[in-house]
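Asker: the following comprises the amino acid sequence and a computationally predicted model.
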Amino acid sequence: MALRKSHGAVFGLAVLLAGCSYATDTFDSLWPSLTGDDPSGKQRAQSEKVQIAKSDAEKMASPTLSPAAPAAPPLLGTTNFAQPPVTQGPQTGTFVGQNVSQMRNELGSLRGEIGTRNNLLQQIRGATTQNAQRYHGVVAAINSRLQLGTTPGNPVLVSQWNAAQAELDRIGADIAAMNSLANGVASSSALASFLLEKARAAYSLQGAIDEDHRQLAILEDETNRTVVLIDRLLNELSEDISRQTAYVGNERHNLTTLSLAIKNGEAYGQSLTNRAYFAASPLAGSAPAGGGNASAGGNQRPLVVIRFDRPDVPYQQALYNAVSKAIERRPQAAFALVAVAPANGAPAEVALNTSKAKKNADQVLRTLTEMGLPAGRVSLSATTSADASTNEVHIYLR
């Protein structure tokens, strides 16, 4: 089919898959469907019908899909915050010397606390790494099985999904442990700052000898290094907590989408919620002149057209691919779902078809939310069309 050039050199394309068609709203024309029918519902002339042969992938009993790239867990900090013992010094017998000895003991106790918390941090990091490895191992096994093809609601995959959920919960518990550790380190930070000020103030005390000031200088340097180390520990903990929290939140969305894939027995990909954070370039010409949707009488092309011309139309994969691609190009995109019913027939028949079309639109909306698309970014409406021969659901990019 020859491409047509419009005034703005805009090209058109649409693809129909098993009762579901999709195309970006930037396209100006549509390919004919697999049966040669016009996607708008208008019958083409017999001479314009085009028969498209099935591809090799379509001829397969269990077609495979390109696997989605697995999301790797964020790297944790690697710093070991161990410190050497506090440098000891001889007793001078002066009042200042006694203060130096007391502050040295306090700094030693503080470093002991930091050492204990450092050991706990390394344990949490090790546990988090193991939990993340087990989680991704289970998710990879589920995706591999879905790619090969499986039955809807396979109980083995359901059990594996529950195991993945448990591993993700353990990572969430590790984050809670990091938060608790950060609170303890913050209290140590306040004590270290107090000791540093105390050491600096000791220089002004009367009755000190040169050895007292020499030991004070060493104590001040070591206390200052402890303050810097605690600050670094807090910063690294904060970064770890922030990254892990975002990671767990994204993976929970992915698990929700994965549960839908298990229920339908086919692989999709990452949650649509997470795809909205990808780098994207804006869609060109997203709203044609005189735009709008079918319910508003505009001429905007639908992103997806789902024809419910038989029971259990397998629209999910094509819907996911189209919406996912739109979000990649425009992360903040919103969508309009329009339930379209045939306008032909008696009033009672039209009313019945309108009710069925609305139920179909509700079903598509539930599918989108299960795929991770926030319901607040989808609007619903209904209309009738003399061009429609069966109940349809149109999805428009807003």
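Answerer: Good, I have the coordinates.

Asker: where along the stretch 201-350 of the chain do the helices fall?
Answerer: Remark: helices assigned in the stretch 201-350 of the chain by DSSP state H, counting those that start in this stretch are 210-264, 272-275, 316-329, 347-370.

Asker: I'd like those laid out as a markdown table, including distance to residue 130.
Answerer: All C-beta atoms are positioned from the backbone trio N, CA, C, and that covers glycine. Shown next, in a markdown table, are the helices of the stretch 201-350 of the chain (distance: least, CB to CB, whole Å):
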| stretch | distance to residue 130 |
| --- | --- |
| helix 210-264 | 14 |
| helix 272-275 | 24 |
| helix 316-329 | 32 |
| helix 347-370 | 30 |
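
Asker: with respect to those helices, which exhibits the lowest mean confidence?
Answerer: With a mean of 58, helix 272-275 has the lowest mean pLDDT of those.

Asker: avg pLDDT for the helix or strand hosting residue 192?
Answerer: Under the criterion of DSSP states H and E, residue 192 resides in helix 155-201. The pLDDT scores in helix 155-201 average 91.

Asker: mind giving me the packing neighbours of that helix?
Answerer: Packed against helix 155-201 by the contact rule (3 or more CB pairs under 8 Å, 6 or more residues apart in numbering; DSSP states H and E) you find helix 95-148, helix 210-264.

Asker: do I have it right that residue 304 meets residue 323?
Answerer: Yes. Counting by CB atoms under 8 Å, residue 304 touches residue 323, with 7.4 Å between them.

Asker: sorry, back to before: could I get the helices and strands packed on helix 155-201 as a markdown table with distance to residue 342?
Answerer: Formatted as a markdown table, those follow (distance: least, CB to CB, whole Å):
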| stretch | distance to residue 342 |
| --- | --- |
| helix 95-148 | 36 |
| helix 210-264 | 28 |
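
Asker: switch the ones you listed over to a markdown table; also include distance to residue 336 and mean neighbour count.
Answerer: Converted to a markdown table, the helices and strands packed on helix 155-201 look like this (distance: least, CB to CB, whole Å; neighbours: other CB atoms under 10 Å):
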| stretch | distance to residue 336 | mean neighbour count |
| --- | --- | --- |
| helix 95-148 | 30 | 17 |
| helix 210-264 | 22 | 18 |
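
Asker: nearest to residue 77, of the ones you listed?
Answerer: For the helices and strands packed on helix 155-201, the distance to residue 77 is smallest for helix 210-264, at 4.0 Å, taking CB to CB.

Asker: wait, which of the helices of the stretch 201-350 of the chain is closest to residue 76?
Answerer: The nearest among the helices of the stretch 201-350 of the chain, by CB to CB, is helix 210-264 at 5.3 Å.

Asker: next, the angle from the closest one to helix 95-148.
Answerer: Helix 210-264 and helix 95-148 meet at an angle of 20 degrees, taking axes from the mean of the first three to the mean of the last three CA atoms, to 10 degrees as the criterion.

Asker: who does helix 210-264 touch, helix- and strand-wise?
Answerer: So helix 210-264, by 3+ CB pairs under 8 Å, 6+ apart, packs with helix 95-148, helix 155-201, helix 272-275, helix 347-370.

Asker: right, so of those, which gets closest to residue 235?
Answerer: That would be helix 155-201 among the helices and strands packed on helix 210-264, by CB to CB, at 10.3 Å.

Asker: low-scoring pLDDT stretches of the stretch 1-150 of the chain, where are they?
Answerer: 1-73 (pLDDT under 70).

Asker: break the chain down into its domains, please.
Answerer: Split into domains by automatic domain parsing, the chain comes to 15-68+274-281+288-397, 95-267.

Asker: hang on, the earlier thing: what touches both of residue 304 and residue 323?
Answerer: Counting by CB atoms under 8 Å, 6 or more residues apart in numbering, the contacts common to residue 304 and residue 323 are residue 395.

Asker: rewinding a little: nearest to residue 261, of the helices and strands packed on helix 210-264?
Answerer: For residue 261, the closest of those is helix 95-148, at 5.6 Å, according to CB to CB.

Asker: and the closest one, what does it pack against?
Answerer: helix 155-201, helix 210-264.

Asker: a markdown table for these, including distance to residue 81?
Answerer: Listed next are those as a markdown table, based on distance: least, CB to CB, whole Å:
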| stretch | distance to residue 81 |
| --- | --- |
| helix 155-201 | 9 |
| helix 210-264 | 5 |
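
Asker: right, and these - which one's nearest residue 327?
Answerer: So among those, helix 210-264 is nearest, using CB to CB, at 12.9 Å.

Asker: angle of the closest one against helix 155-201?
Answerer: Using the same axes, to 10 degrees: helix 210-264 against helix 155-201 is 160 degrees.

Asker: off-centre distance for helix 210-264?
Answerer: Chain-centre distance of helix 210-264: 22 Å, with CA atoms, centre = their mean, to the nearest Å.

Asker: repeat for stretch 305-312
Answerer: That offset, for stretch 305-312, works out to 30 Å (CA atoms, centre = their mean).

Asker: give me the neighbour count for residue 364.
Answerer: Neighbour count of residue 364, defined by other CB atoms under 10 Å: 24.

Asker: wait, it touches residue 318, no?
Answerer: No. Between residue 364 and residue 318 there is no contact under CB under 8 Å: 11.6 Å.

Asker: now for the two: what residues contact both?
Answerer: By CB under 8 Å, 6+ apart, no residue touches both residue 364 and residue 318.
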